[in-house]
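Chemist: quick one, fold the following:
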Amino acid sequence: MSSATAPTPTDTTAPDFCAGIQYFGQPWAGFAQQADSAVIGEGTTGVADSADPKAVYQTLLMADALRYLTLQVCGAKASGHPGGFASSAEAYAALVMLGHTNIVTEVGHHAPGFYSAMFLDTSLEAMGIKTVQQLRERFRERHGLLGHLSGAIPGILAPAGPLGQGQHFAMAGALLHPGTLFPFTLGDGGMGEPYILSAMMHFNTAYPRATNFLPTLIWNGYSQEHHSMVSTMSSDEMIRYWKGHGFQEVVLVDAKDFDDSGQQGAYVDSARFSLEQRLAFTAAVLKGMDRAASLALDGTLTCFIIKQLKGAGVHALGAKSHNLYPADTLDKPHIIEGLQRRALPPRAWAIVRDNFRRAGGGPAAKTSVTEKVLALAPLGKLPATEYSIGDKAVPSTTMGALVAEVGKRDARFVVTNADGNEASGMKNINEALKIRHPTSDDLYHQGPAGQVYEPLNEDACAGLAAGLALFGSRALWLSYESFAINGWPIVQTVTQAMAELRRKTPSIMCMFTAGALEQGRNGWTHQRPEIENYFAAMMRNGNVYPLFPCDANMIQTAYEWGTNSYNKGVVIIASKSPLPVYTTLAQGQEAIERGAITLYESNGGTRGTVVLAATGDMVFLPVFEAKTQLEQAGYRVRIVAVVNPRRLYRPADVSWDTVSEPDNQFMDDDHFNALFDGDALLAISGGPSASLEPVLLRSRAPKRDVVCWQRGETTASPAEIMAFNGITAEGMTARVAKLLA
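Modeler: Alright, predicted model coming up:
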């Protein structure tokens, strides 16, 4: 379609931002008529008519500009993933030309394409990236453009890396911003991830009016290293697949229908067509996308599918186009040929930039919904219930009352739960806020306007809650500790994104109940507290806070503290059983802020001081029994509740100064030693031991040991499962005796 030439130093026709482009091409046929000026005029947000030949022509220019930059940027580092985005180029360009620029993806491998788009609309100038040369230099470098997408990059709405997450961000955006379209791209390789379509089906059942998100399937026949598992489907089968998941309209554009180059197979490269047929294909994509977007915005659950071969228009095809290796440098013939095939004339680059920077009302870095802080409903002081020390109360139920109050004061607040609030002792949430369901039923506390979202998979629960928090709204994910691992990956993704954001957003709040010690009769399927090690490892990130309130008073202060925090991942671990109250509300607040608190200390003892430092609530039952036995044996005993272990690390242990909304509150040595100094330290957990690491790292006690969870088993009572794991008063006493023998 064009011949390419290398620019010379005296070439003054190229815009300044083109510095670093290696090859310019000759104008296409019809260029003078169709590209004399940008079709998106100043003061407009998108093309006025998707059938306008000029709009079609410039959409194809934009698609090839994106392909060129994607390949050259990856080639500059002989690294990165150009092939998947290349097959999406016409669809992405169509969205931009129509003015829909709040685009999300679940495909982290599309990062170089998204960065190219943010460069062309000038968003990356906020990072000091003003030329193609700077774009090349900063790709896949620290303080630059990381290999997979992050919301830290100006104009990028959400992170992308693990597959199966993009729809959650798009649905969260749709809920928070009615009237704005949130397209998200997904690859057919990623369709093998669980729950993608079922999550959208459940969301549409719960929120039937929030159809303003648009799944855009890049159906290119391949995943990362082989054919995709849906590559054998016919177009009719694919349409039925989506309609079987509740989609009323599926707009599918197949490049094969426009092929005049004689390509074999179901998937073809549109870049090999004649210019006339390339434009015909692009016209179908632009028109189809316009129809799909209009349907989605007007209340019809809609999907758009572009079907063309992976790697269309770049250096290789199929899975071989997926990523570059060290040998795929810019001086290699296959890379050079790929770039020269896509090379555009300087004037075309100017037209593409004008369209990009005007689309959607301006650069994404200034117009995306996530580029500004979302106003929050004021909560004020939450009405806590103070129990007297020595009373018994259910921690989860007590927290539920505060959760209900947050929902009453913030109409956008959503609680998500897959296994049932009532089963977690939090029926009061359902009573106050109602389960969101199309069937009204007072017996089950459900109705179409409820604020409790209950899909029966943790991925969908965690995804919507995390997406809402990232996009600026309050949310809470409730789960059994046992099952939380199925939803945690997206919370990990979002907390990392929050650590990098350039704006404040409410922390993602999680509360995991029905812990291992309460689930004896259910056996090991419900006794999986190992996820606490996951949280503990993430404490060093700088913005992750697992909290272990020891009673019903403290859990209230923990929840209020987390709800009023920003850019953090806060996880509360608590029981659903009636348990003793050890602290006042004021003491609970102190413990959350400082990290730990003394619950008990002996008056006497002649055989030395024993410190029992524990995380949890139910675990304090055997801890206090052990205290009695140790005192009878002549020891002085101090019981310390380790509540917020992140605060017990040393500042150098944690990347606190590298995150948004940094928190440098760490317990100083004097206060730490006052809590944990003794002749022996026994660190105790009803779960795994990792949450106690900061205590074990800093303790000066000459003798130390750990009592913690080992494995699950079917038992008749919490006491029996604790005994199975050696978490008993007798076991603790024996450990101390051995330490101080």
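Chemist: tell me how many other residues crowd the nearest residue to residue 367 once chain neighbours are set aside.
Modeler: Excluding the flanking residues, the one nearest residue 367 by CB to CB, 6 or more residues apart in numbering is residue 361, at 4.9 Å. Placement of C-beta: from N, CA and C, glycine included. Under the neighbour criterion other CB atoms under 10 Å, residue 361 is assigned a count of 14.
Chemist: now swap in the one 4 residues further on and tell me
Modeler: Residue 365 has 20 neighbouring residues, counting by other CB under 10 Å.
Chemist: likewise residue 717?
Modeler: Neighbours of residue 717 using other CB under 10 Å come to 12.
Chemist: check contacts around the residue lying closest to it once chain neighbours are set aside.
Modeler: Spatial nearest neighbour of residue 717, excluding adjacent residues (CB to CB, 6+ apart): residue 520 at 5.7 Å. Residue 520 sits next to 527, 714-718, 720-721 when contact means CB atoms under 8 Å, 6 or more residues apart in numbering.
Chemist: how far away is residue 520 from residue 715?
Modeler: 4 Å (CB to CB, to the nearest Å).
Chemist: shared neighbours of these two, anything?
Modeler: What both residue 520 and residue 715 touch, as defined by CB under 8 Å, 6+ apart, is the set residue 721.
Chemist: what's downstream of the helix or strand bottoming out on mean pLDDT in the chain, the next helix or strand?
Modeler: Using mean pLDDT, DSSP states H and E, the weakest-scoring helix or strand in the chain turns out to be strand 4-5, at a mean of 52. As assigned by DSSP states H and E, the chain's next helix or strand after strand 4-5 is strand 24-25.
Chemist: helices and strands around that following strand, which ones?
Modeler: Helices and strands touching strand 24-25, by 3 or more CB pairs under 8 Å, 6 or more residues apart in numbering; DSSP states H and E, are strand 4-5.
Chemist: quick check, residue 638 in contact with residue 605.
Modeler: No - with contacts counted by CB atoms under 8 Å, residue 638 stays clear of residue 605, the gap being 10.0 Å.
Chemist: what's the nearest residue to the residue most central in space within the chain if we skip its chain neighbours?
Modeler: In the chain, the C-alpha nearest the mean C-alpha coordinate belongs to residue 494, at 3.4 Å (CA atoms, centre = their mean). Closest residue in space to residue 494, ignoring its immediate chain neighbours: residue 466 at 4.1 Å, by CB to CB, 6+ apart.
Chemist: let me see the mean pLDDT of the helix or strand where that neighbour lies.
Modeler: Assigned by DSSP H and E, residue 466 belongs to helix 458-470. Mean per-residue pLDDT for helix 458-470: 95.
Chemist: domain assignment for the protein?
Modeler: 4-362, 392-739 (automatic domain parsing).
Chemist: the stretch 1-150 of the chain: helices as residue ranges?
Modeler: 31-34, 53-77, 83-86, 89-97, 111-120, 132-138 (DSSP state H, counting those that start in this stretch).
Chemist: point out the most buried one among those helices.
Modeler: Across the helices of the stretch 1-150 of the chain, averaging neighbours per residue (mean count of other CB atoms under 10 Å) puts helix 83-86 on top, at a mean of 32.
Chemist: need the contact partners of it.
Modeler: By CB under 8 Å, 6+ apart, helix 83-86 touches 66-67, 70-71, 92, 107, 109-110, 112-114, 187, 189, 218, 220, 222, 310-314, 316-323.
Chemist: which helix or strand lies directly C-terminal to the host helix or strand of residue 216?
Modeler: If you go by DSSP H and E, residue 216 is part of strand 213-219. Next in sequence after strand 213-219, counting helices and strands by DSSP H and E, comes helix 235-243.
Chemist: list the buried residues for that next one?
Modeler: Of the residues in helix 235-243, 235, 238-239, 241-242 count as buried by neighbour count, 16 or more other CB atoms under 10 Å.
Chemist: and it, what does it pack against?
Modeler: So helix 235-243, by 3+ CB pairs under 8 Å, 6+ apart, packs with strand 249-254, strand 302-307.
Chemist: and of those, who's closest to residue 228?
Modeler: Checking the helices and strands packed on helix 235-243 against residue 228 by CB to CB gives strand 302-307 as the closest, at 11.6 Å.
Chemist: what about the stretch 51-200 of the chain, any weak spots by pLDDT?
Modeler: 192-194 (pLDDT under 70).
Chemist: now swap in the chain and tell me
Modeler: If you take pLDDT under 70 as the line, the chain has these spans: 1-12, 192-194, 514.
Chemist: how about a cut-off of 80?
Modeler: 1-12, 151, 192-195, 419, 514-516 (pLDDT under 80).
Chemist: contacting residues for the residue of it most remote from its centre?
Modeler: Distance to the chain centre peaks in the chain at residue 606, reaching 53.8 Å (criterion: CA atoms, centre = their mean). Counting by CB under 8 Å, 6+ apart, residue 606 touches residue 634.
Chemist: any idea how many residues pack against the nearest residue to residue 370 once chain neighbours are set aside?
Modeler: Computed as CB to CB, 6+ apart, the closest residue to residue 370 that is not its neighbour in sequence is residue 157, at 4.8 Å. Neighbourhood size, residue 157 [other CB under 10 Å]: 27.
Chemist: got a list of what residue 157 touches?
Modeler: So residue 157 contacts 102-104, 151, 169, 173, 368-370, 471 (CB under 8 Å, 6+ apart).
Chemist: quick check: the closest residue to residue 311 other than its chain neighbours vs residue 150, distance?
Modeler: Leaving out its chain neighbours, the residue that sits closest to residue 311 by CB to CB, 6+ apart is residue 321, at 2.7 Å. Distance of residue 321 to residue 150, computed by CB to CB: 24 Å.
Chemist: thought residue 215 was touching residue 296?
Modeler: No - the pair residue 215 / residue 296 is not scored as a contact, 9.3 Å apart, by CB under 8 Å.
Chemist: and for residue 326, the neighbour number?
Modeler: 8.
Chemist: quick one: it and residue 78 touch, right?
Modeler: Yes - look at residue 326 against residue 78 with CB under 8 Å: they come within range, at 5.1 Å.
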